[in-house]
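Asker: 3D model of this:
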Amino acid sequence: MKVAVVILNWNGKDLLEKFLPSVVAFSKEATVYVADNASTDDSVSFVSENFKTVKIIQNKVNGGYAKGYNDALKNLSENIFVLLNSDVEVTENWLQPVISEFEKDTSAVAAQPKIIDYKNKEYFEYAGAAGGFIDKYGYPYCRGRIFNTLEKDKGQYDTVSEIFWASGACLFVKAEAFRKAGELDEDYFAHQEEIDLCWRLQSKGGKILCVGASKVYHVGGATLAAQNPKKTFYNFRNSLLNLLKNSKGTCTFCSIFVRMVLDGIAAFQFLFQGKPRHFMAVVKAHLSFYGLLPKFLKKRKENASQLKYFKTKSIVFQYFILKKKHFDKL
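Answerer: This is a model prediction of the structure:
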């Protein structure tokens, strides 16, 4: 199988300078691309001058994660795409374990490695950890990370396991499956579009894996920090869009209603914590959701499936009421 490692870049020269060397050194069996989202810094010239083997794809606009990758991947001929954040340090032999699983299991269409915190290398990293799930109300959580509780990596997730979503920080996906599923949904712009993609891939019979023999280190928040209200906006809005678009049945609207009530509680918590911009981000997320309702109701007709998408009804209840803060306690 031919592999394309594609790093989406926007004004990220410092990140490329720091992390691209590990990608080049440990990806000999792949072609490495930097897909530039109309940067205004000198990151493109930096790459072309210092990394002769890296190919550059020049996107015309900054369309965020979803459009950026869709544009970049359109003309690539490789069998496997690896969508890799620019703030990820890869390790030796990070590609082969995942490629081997794809070769062994034809129903496996997407995967991720273990994602470890670059700044604290004994612990999993927030954005994906050892593979993701969502609850009935669309809240994402991971093996190795529930809300803000990160587990120490003790080898407990070193096997190959089926998961619900693979992290967009380091997402392996078979090109044919990616295209048949309809690529990434550009209405998301950024955040949780990988959950939507994985949902659609599974609805078409594919499996999503975490391959624990592969490991990378992720900085996290390098392109959009956790304290940025934009992140709050996209996460809250896109969770609602995921439920509306992909979950079949009238119970979906009950779940959306409950989720919106919980969002309201979270919004007032932000206000009481002295974070008015995050409060407004939740309000704007709901208004944006209403604005996208007609469009996503149409997408719902095309995409919604009876796929059992959750194992845990409410991760909020499990975590905050029952105090179950590690995945193996759920």
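Asker: pLDDT weak spots in the stretch 151-300 of the chain?
Answerer: Residue ranges of the stretch 151-300 of the chain with pLDDT under 70: 221-226.
Asker: mind listing the helices in it by residue range?
Answerer: 175-180, 193-203, 229-246, 251-272, 276-303 (DSSP state H, counting those that start in this stretch).
Asker: Helix or strand: which one has Leu16?
Answerer: Following DSSP states H and E, one finds Leu16 within helix 13-25.
Asker: quick one, which of the helices of the stretch 151-300 of the chain is nearest to Asn79?
Answerer: helix 175-180 (5.7 Å; Cβ to Cβ). From N, CA and C alone the C-beta is placed, and that goes for glycine too.
Asker: doesn't Thr31 fall inside a helix?
Answerer: No - using DSSP: H, G, I helix; E, B strand; the rest coil, the assignment for Thr31 is strand, not a helix.
Asker: pLDDT score assigned to it?
Answerer: pLDDT, Thr31: 98.
Asker: does it have beta-bridge partners, and which?
Answerer: Counting by DSSP bridges, Thr31 is bridged to Ala4.
Asker: From Met260, how far out is the nearest residue to Lys114 once chain neighbours are set aside?
Answerer: Nearest residue to Lys114, sequence neighbours excluded (Cβ to Cβ, 6 or more residues apart in numbering): Lys215, at 4.7 Å. Remark: distance between Lys215 and Met260 (Cβ to Cβ, to the nearest Å) = 38 Å.
Asker: Who has more neighbours out of those two?
Answerer: Remark: of Lys215 and Met260, Lys215 carries more neighbours, 21 against 16, as counted by other Cβ atoms under 10 Å.
Asker: pretty sure that one is in contact with Gln112, am I right?
Answerer: No - with contact defined as Cβ atoms under 8 Å, Lys215 does not reach Gln112; the gap is 10.6 Å.
Asker: overlap in contacts of those two?
Answerer: With Cβ atoms under 8 Å, 6 or more residues apart in numbering applied, the contact sets of Lys215 and Gln112 do not overlap.
Asker: what about the helices in the stretch 1-150 of the chain?
Answerer: 13-25, 43-50, 64-73, 96-104.
Asker: what's the most buried one of the ones you listed?
Answerer: helix 64-73 (a mean of 23; mean count of other Cβ atoms under 10 Å).
Asker: next one: it to chain centre, how far?
Answerer: Counting by Cα atoms, centre = their mean, to the nearest Å, helix 64-73 is centred 13 Å from the centre of its parent chain.
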